[in-house]
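Visitor: Provided below are the primary sequence and the corresponding predicted coordinates.
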Amino acid sequence: MAKEPHIIVQDLTMAYGSYVLQRDLTFTVNHGDVFIIMGGSGCGKSTLMRHLIGLKAPAKGAVFYGDVNFWGAEPVERDRMMRHFGVMYQSGALWSSLTLAENVALSLELYTTLKPAQIREIASLKLSLVGLAGFEDYYPSEISGGMKKRVGIARAMALDPEILFFDEPSAGLDPVSARLLDDLILELKESLGTTVVVVTHELASIFAIGNNSVFIDAAEKTMIATGHPKRLLEECAHPTVRNFLTRGEARAEVKAGERPTPCFLA
Amino acid sequence: MALPELHLEKTADRNLRIVLTGEWTLANSLPSAQALEAVFSAGPEITRADFEASGLTGWDSGLLTFLISVMELCARRNVAVIRDGLPSGVNRLLALATAVPERQGARRGGAHVSFLERIGSAAIDLWRSLLEMVAFIGEAFTSLVRLLTGKARFRPSDLILTLQECSVDALPIVSLISLLVGLILAFIGAIQLKLFGAQIYVADLVGIGMVRAMGAIMTGIIMAGRTGAAFAARIGTMQVNEEIDALKTTGVSPTDFLVLPRILALSIMMPLLTIYADLMGIFGGFIVGVFGLDLSVAEYYQETIKAVGLTNVWIGLFSGFVYGILVAIAGCMRGMQCGRSASAVGDATTSAVVTSIVSIVVATAVITVLCNIMGI
């Protein structure tokens, strides 16, 4: 099956004021990928996601959705494009003044002409998809962290988006819940045919769900690997990537004065 | 328990032996590494230092910090440090502490900022916050235009909840404060007016004072502390929880969704609260007049009606309306500008109250001067 590009990132430079976080990021996310954005803590993974979902403008470079330049588009057009994304935030970011059903229903109320009863049904459906049937009228403060993340997913799926973004889905969850969440992401991707972008540094998740990835590094301030995580583990010789993917077992070291070659697998 | 002691002995050629004895814990006062400095500068050149720790009975982080400063001192003077004589636990911790070299440029602070630089950056900050304020007001205004053209999106239930929060829920405190302000005005006025036997004019003083200015100002200040602070804290917390980001990516303008209903609610409710506060204030004056100054109920009532013209009521209402908008804008703006930490929410709340009160006082001055110019 020929792969069709969905998101193209070109020469992206991310900066806070004059402090450059990452430069020269160039990669492609294809339709139907589970694309992993990985890297050590503080390297700018979440910031990269903020660039992709329209919360922070790049200092340089461009992000294309299909053939539309996302940040070059008119704000109205960009808002319209953002409606095709679903985003799950790290801690859920549920609106605390709304019940779970209302959280899921808000975008439906705004962008569809459905009747309240129908909206309520859809919201219940989405909640049952993430295993939270019956919790419609709870408030976010009344449920656990893992449940909040799942409601976050339900909310992200409300408008049946083309792309789902996940910011650290398994952070702060016990191993079993994290595994269940991974399964859920895969299941949704298979059944809905969405493209999924996941920011994470959980190795288990990376190998379990990812089929494409980019590795960004805080020290070099740019990307040092792309490709299928399992192939990166087998083929990539870059010490930082090897250490990361083997949880430090590789004990590879960067020798002083040497610049290891990045591995960009097609 | 033996006290920690430090002895320095010159042993072999150019070798310094550092002898540690006693209990090297933070609970005892520990010798300083400066003693070495004296030995290094005094005697013949020393190129090597080792340790003798057989007399050491106990140690904790105190010993480690001492050793690290010894090592730094020796490194500066090119003295080789032989750590063999130290207990193995100490050695391993030292190895751990020195394993990762300090990251270049990671250390912060300590740099002296000159007075001029501080004035300069304060001025730049002030200018930036002014720009942000203008941008926020502009955004709130375009959002209002969107509302009038039927494009703004917020939940009516949010508006109703906010209306309730800044009206019914505020009544008890507004009652108390306005009543007391009326009482105070009456008492202060009575002291002077009694001298001329003109107690009846207490009714004029309290009536005009409350209706034209004090009712609106006191309500504005109460709402700044109560509702404006709550707006800032609420929106600020939403900022910390990424809820604002979630609104943006859902395609909802946070200004439409959060700011607009709050500005609407306060600008509707403030004039109503102002009328209520005026009445309570006049009632306060009435209590003093009737029970303290022996005025009759009818007298006081007649005098108040005569003194308080409709113009004064309108000025008071207009002021209340303006204060409502100011408090709502200040609260929401500080909330939206909030950083991403718990202390930032606190700062946002404080700054919302300060901004509200300052702008209320400035607005009062402007309104008073304008009324004066127009002769009303």
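Guide: Cool, got the structure. Numbering: from 1, shown residues only, chains lettered A, B, ... in the order given.
Visitor: Going along the chain, name the helices of the stretch 251-376 of chain B.
Guide: Counting by DSSP state H, counting those that start in this stretch, the segments of the stretch 251-376 of chain B that form helices are B:254, B:260-287, B:297-307, B:310-336, B:342-374.
Visitor: I'd like to check which residues are in contact with residue 65.
Guide: I went with chain A, as the question did not name one. A:Tyr65 makes contact with A:6-7, A:81 under the criterion CB atoms under 8 Å, 6 or more residues apart in numbering or on different chains. Just so you know, the C-beta spots here come from the backbone N, C-alpha and C atoms, and that holds for glycine as well.
Visitor: Please name whichever of the residues you listed scores lowest on pLDDT.
Guide: Across the contacts of A:Tyr65, the bottom pLDDT score, 86, is held by A:Met81.
Visitor: for that residue, what are its contacts?
Guide: Going by CB under 8 Å, 6+ apart, A:Met81 touches A:54, A:65, A:68, A:70, A:73.
Visitor: Next: A:Leu110.
Guide: Applying CB under 8 Å, 6+ apart, we find A:Leu110 in contact with B:153, B:250-252.
Visitor: again with B:Pro271
Guide: By CB under 8 Å, 6+ apart, the contact set of B:Pro271 is B:317, B:320-321, B:324.
Visitor: Next, find the distance separating it from chain A.
Guide: Distance, B:Pro271 to chain A, by CB to the nearest CB, to the nearest Å: 26 Å.
Visitor: In the stretch 151-266 of chain A, which residue sits closest to chain B?
Guide: Per CB to the nearest CB, A:Arg155 is where the stretch 151-266 of chain A lies closest to chain B, at 7.8 Å.
Visitor: what about that residue, how many neighbours?
Guide: Neighbourhood size, A:Arg155 [other CB atoms under 10 Å in any protein chain shown]: 31.
Visitor: Model confidence for it, exactly?
Guide: In this model, A:Arg155 is scored at 91, pLDDT.
Visitor: got the domain boundaries for chain A?
Guide: A:5-84+A:162-264, A:93-160 (automatic domain parsing).
Visitor: For B:Ile222, which of the ones you listed is the nearest?
Guide: Nearest of the domains of chain A to B:Ile222, taken as CB to CB: domain A:93-160 at 23.6 Å.
Visitor: before we move on, the earlier item: quick one: which of the contacts of B:Pro271 has the most company?
Guide: Counting by other CB under 10 Å, top hit in those: B:Gly324 with 29 neighbours.
Visitor: which residues sit in contact with B:Val353?
Guide: Applying CB under 8 Å, 6+ apart, the residues contacting B:Val353 are B:224-225, B:228-229, B:232.
Visitor: And those residues, which two are furthest apart?
Guide: For these, the farthest-apart pair by CB to CB is B:Gly225 and B:Ala232; their separation is 11.2 Å.
Visitor: higher neighbour count, these two?
Guide: For the pair B:Gly225 and B:Ala232, the greater number of neighbours falls to B:Ala232 (30 against 16), based on other CB under 10 Å.
Visitor: And the strands in the stretch 51-200 of chain B, which stretches?
Guide: Ranges of strands within the stretch 51-200 of chain B are B:80-82, based on DSSP state E, counting those that start in this stretch.
Visitor: Residue numbers of the stretch 101-250 of chain B in contact with chain A?
Guide: Proximity of the stretch 101-250 of chain B to chain A, by CB under 8 Å from any CB of the partner chain, involves residues B:153, B:155, B:158, B:237-238, B:241-243, B:245-250.
Visitor: contacting residues around the residue in chain B that chain A sits nearest to?
Guide: The nearest approach of chain B to chain A comes at B:Glu242, 3.8 Å away (CB to the nearest CB). B:Glu242 sits next to A:89-91, A:93 when contact means CB under 8 Å, 6+ apart.
Visitor: swap in B:Arg48?
Guide: Contacts of B:Arg48 (CB under 8 Å, 6+ apart): B:14-16, B:79-80, B:82.
Visitor: Can you lay out those as a markdown table showing pLDDT?
Guide: Output for the contacts of B:Arg48, formatted as a markdown table (pLDDT from 0 to 100):
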| residue | pLDDT |
| --- | --- |
| B:Arg14 | 80 |
| B:Asn15 | 85 |
| B:Leu16 | 85 |
| B:Val79 | 85 |
| B:Ala80 | 87 |
| B:Ile82 | 87 |
